[in-house]
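Enquirer: Got a predicted structure plus its sequence, pasted below:
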Amino acid sequence: MKKLCLLLTLALPVLLLCGCGASSQAPAEEPIDSTLYVKSVDLPEDFILGMDISSLLAEEASGVRYYNFDGQEQDLLQILADNGLTHIRVRVWNHPYDADGNGYGGGNNDIEKAVEIGRRATAAGLKLIVDFHYSDFWADPGKQMVPAAWAGMDLENKAQAVYDFTADGLQKLTEAGVDVAMVQIGNETNGAMCGEKRWVDIQELMKAGSRAVRETCPEALVTIHFANPENAESMLNYASKLAYYSVDYDVFASSYYPFWHGTLENLASVLSTVQETYGKRVMVMETSYAYTGADTDFSGNSVSDESGGITKNYPFTVQGQANAVRDVIETVASLDSGLGVCYWEGAWITVGTESWEANHELWEKYGSGWASSYAAAYDPDDAGKYYGGSSWDNQAFFDADGRPLESLRLFRLLRTGNAVEPTPDAIRDTVLRVDLADSIVLPETVDAVMTDGSLRSVPVVWDLTEQEIADMQNGGPATYAISGTAGDMEARGTLTMAAFNYLENPGFESGDLSGWTVTDLGSTEQLWAEEKLTDSLEGTWHFHFWSPQPGSVEFTLEQSLDTLKTGNYRFAVSIMGGDCGETELYAYVKLDGETVATAPLKITSYGEWDTAELRDLPYEEGHTLTVGVYVKCQGEKSGAWGKIDGAELTAEG
Ligand code: CA
């Protein structure tokens, strides 16, 4: 492929045709007037402000139009360039079509789509980041399926296929004059890629892809991309594997979704360790945040009001979205080798606002949903079953009509900041827990999240009658949704009536395992308290386990108490998980070390919590009561995993 560039050099300037890494002019900056609060960030001149818009062509084919801040319809690429973005990212699947040529969806992003988007990006002065998945459809930590055409290949042939596919794709892009700045060898390749699961094999494929970039697009940066930075140990392990096998790459990239991927402090720590230890550039290759909890396309979203309202002081508002993204950018910019931040699918809005049926027709026909029913030909268990529309429409920078949100101004306001007077933006969710023995006292104030992210106490009027309060007071153990108004904003929350819980740290909300004893009876790789709102039954923390080796998961998680009063007690605990294969699971209670009661637990699938309850447990003062969970899993696929949460030890009435 190198030959091509050299030959073309004879006729035309190489940077024009083989556009890899060519520089472009940034749009002229004019002062802008905005209501968006932005705290300035010290950004390096060449900091990458990217956006993945892979679904663009499918969106346009489905009738979606985009508008600029003047209300005029315009090419999305030009709108993004005018609003301070510097790079566009696009995914490339090998062949996202069934035997009849029906697209699998998710933008049907093959190399031809990348060329078309890349050409338009280059015309708008934006550089391209090419994201090779080396799969016929979505590749992520849970899924790294080999392209159908490469199934059954031995490693040597597969590596050659990766080389050829990469080189051929980059040749098509450069021939079209696309300005390729960066090339990803694999997408979120957390210990798997292209159907391979051993690092000794994965690294061969990565090397083949990297060599193709060096030879075809020598100016482009080679990037390896992982997800789940909240598992710092795993991330650092990936970096060490790349070094051990001498994989030739420039940029260590991580996904960072604020609602899933731990704290910014942890992200900074992981990336700075990689930059210092291995001398690599680092960046956040995917991030996003919701501007609303509502769905606009009749197909459920990855984050929503149900998945948790205000976490980490970022409400699901236009300002909250801007603040969340701004803080990710500041975190990466603060690192010596911080290269940039790329927003994921910032324009994947609804294709219509009429009905699911009307949208479904467009998703099927043009691939504008996350998956079409045709994807069953390749991925029958997931996409083939749960196909649908955009799971990301509430995380776009455009509303359902394609009008830009004020948060899109963020990118041009980052360097200067925009110090408008902070105002209340949303009310933080209130979480009340009342002992059954106590009287309900509703708080008189709630926390308003200000546009600058700070909190301010504001008066609240709860929308509850005296009768409703009395019913909750006398209704026994239960959790109620409550709402009210604070200023002109809605206040929401939950009120839980519950018996006193004698366990220490019963839901792991202290952020560690304090109070608990974990005994690893096998060789379970991950056993720890984890912060992830969407994976927790209550609060934002839970106990997490995962282990890839078959049969390696066996442990107990228990807590002992010896200062209870004589009486009868009740123990309950909940579990969920997946890929566990054959299991032996139960909750247990011991008295002075002797098991006195057990109750079976089962693990089925993500989000399906199973609760074990043990009642009428007699206890006498001076003895030791131990409550716990025993877990043993054979495991399947990428390894048994699970979550334990909501432990309760209460006195029986
Ligand atoms: Ca949706």
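Expert: Yep, that arrived. Note that the structure is predicted; figures quoted are calculated from it, not measured.
Enquirer: Could you use CA atoms for every contact and neighbour count after this?
Expert: Noted.
Enquirer: quick one, helices of the stretch 151-300 of the chain?
Expert: 155-175, 199-216, 232-244, 264-278 (DSSP state H, counting those that start in this stretch).
Enquirer: How far does the longest one sit from its chain's centre?
Expert: So that's helix 155-175. Relative to the centre of its chain, helix 155-175 is centred 29 Å away, using C-alpha atoms, centre = their mean, to the nearest Å.
Enquirer: which parts of that helix are buried?
Expert: Residues of helix 155-175 classed as buried: 158-175 (neighbour count, 16 or more other C-alpha atoms under 10 Å).
Enquirer: Go back to those and keep what's next to the ion.
Expert: Near the ion, judged by C-alpha under 5 Å from the ion, there are no entries from the buried residues of helix 155-175.
Enquirer: hmm, back to that, redo the helices of the stretch 151-300 of the chain as JSON lines? Include distance to L625.
Expert: Formatted as JSON lines, the helices of the stretch 151-300 of the chain follow (distance: least, C-alpha to C-alpha, whole Å):
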{"stretch": "helix 155-175", "distance to L625": "55"}
{"stretch": "helix 199-216", "distance to L625": "45"}
{"stretch": "helix 232-244", "distance to L625": "35"}
{"stretch": "helix 264-278", "distance to L625": "37"}
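Enquirer: Nearest to G142 among those would be which one?
Expert: Closest to G142 of the helices of the stretch 151-300 of the chain is helix 232-244 (C-alpha to C-alpha; 14.6 Å).
Enquirer: Tell me where the stretch 1-150 of the chain has helices.
Expert: Under DSSP H, counting those that start in this stretch, the stretch 1-150 of the chain gives helices at 2-11, 14-17, 56-61, 76-82, 111-123.
Enquirer: Which elements pack onto the fourth one?
Expert: To tie it back to what came earlier, the one meant is helix 76-82. Counting contacts by 3 or more C-alpha pairs under 8 Å, 6 or more residues apart in numbering; DSSP states H and E, helix 76-82 is packed against helix 111-123.
Enquirer: relative orientation of the helix it packs on and helix 155-175 in degrees?
Expert: 40 degrees (axes from the mean of the first three to the mean of the last three C-alpha atoms, to 10 degrees).
Enquirer: gap between helix 111-123 and the chain center?
Expert: Using C-alpha atoms, centre = their mean, the offset of helix 111-123 from its chain centre is 26 Å.
Enquirer: what do you get for stretch 635-648?
Expert: Counting by C-alpha atoms, centre = their mean, stretch 635-648 comes out at 19 Å from the chain centroid.
Enquirer: Give me the below-cutoff pLDDT ranges for the stretch 1-150 of the chain.
Expert: 1-30 (pLDDT under 70).
Enquirer: Would you state the strands of it in chain order?
Expert: 48-52, 87-92, 127-132 (DSSP state E, counting those that start in this stretch).
Enquirer: quick one on the thing from earlier: now the helices of the stretch 151-300 of the chain in CSV, with mean pLDDT?
Expert: Shown next, in CSV, are the helices of the stretch 151-300 of the chain (pLDDT from 0 to 100):
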stretch, mean pLDDT
helix 155-175, 98
helix 199-216, 98
helix 232-244, 95
helix 264-278, 95
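Enquirer: V631: which of those is closest?
Expert: Across the helices of the stretch 151-300 of the chain, closest to V631 is helix 232-244 (C-alpha to C-alpha), at 22.6 Å.
Enquirer: Name the surrounding residues that touch the closest one.
Expert: Helix 232-244 has contacts (C-alpha atoms under 8 Å, 6 or more residues apart in numbering) with 190-191, 199, 203, 226, 228-229, 252, 266, 270, 273-274, 278.
Enquirer: Now rank those by neighbours and give me the top one.
Expert: Most neighbours among the contacts of helix 232-244, by other C-alpha atoms under 10 Å: F252, with 28 neighbours.
Enquirer: what about M497, which SS state?
Expert: strand (DSSP: H, G, I helix; E, B strand; the rest coil).
Enquirer: start the count at 386, not 1, going forward
Expert: In the new count, where the first residue is 386, that last one comes out as M882.
Enquirer: surely it meets D856?
Expert: No. Between M882 and D856 there is no contact under C-alpha atoms under 8 Å: 11.1 Å.
Enquirer: the more surrounded of the two?
Expert: For M882 versus D856, neighbours defined as other C-alpha under 10 Å are more numerous around M882 (24 against 11).
Enquirer: how much space is there between that one and E915?
Expert: According to C-alpha to C-alpha, to the nearest Å, M882 and E915 sit 26 Å apart.
Enquirer: give me every residue that touches D832.
Expert: Here D832 is in contact with I812, R813, L840, R841, S842, V843 (criterion: C-alpha under 8 Å, 6+ apart).
Enquirer: hmm, which of the residues you listed are the buried ones?
Expert: I812, R813, L840.
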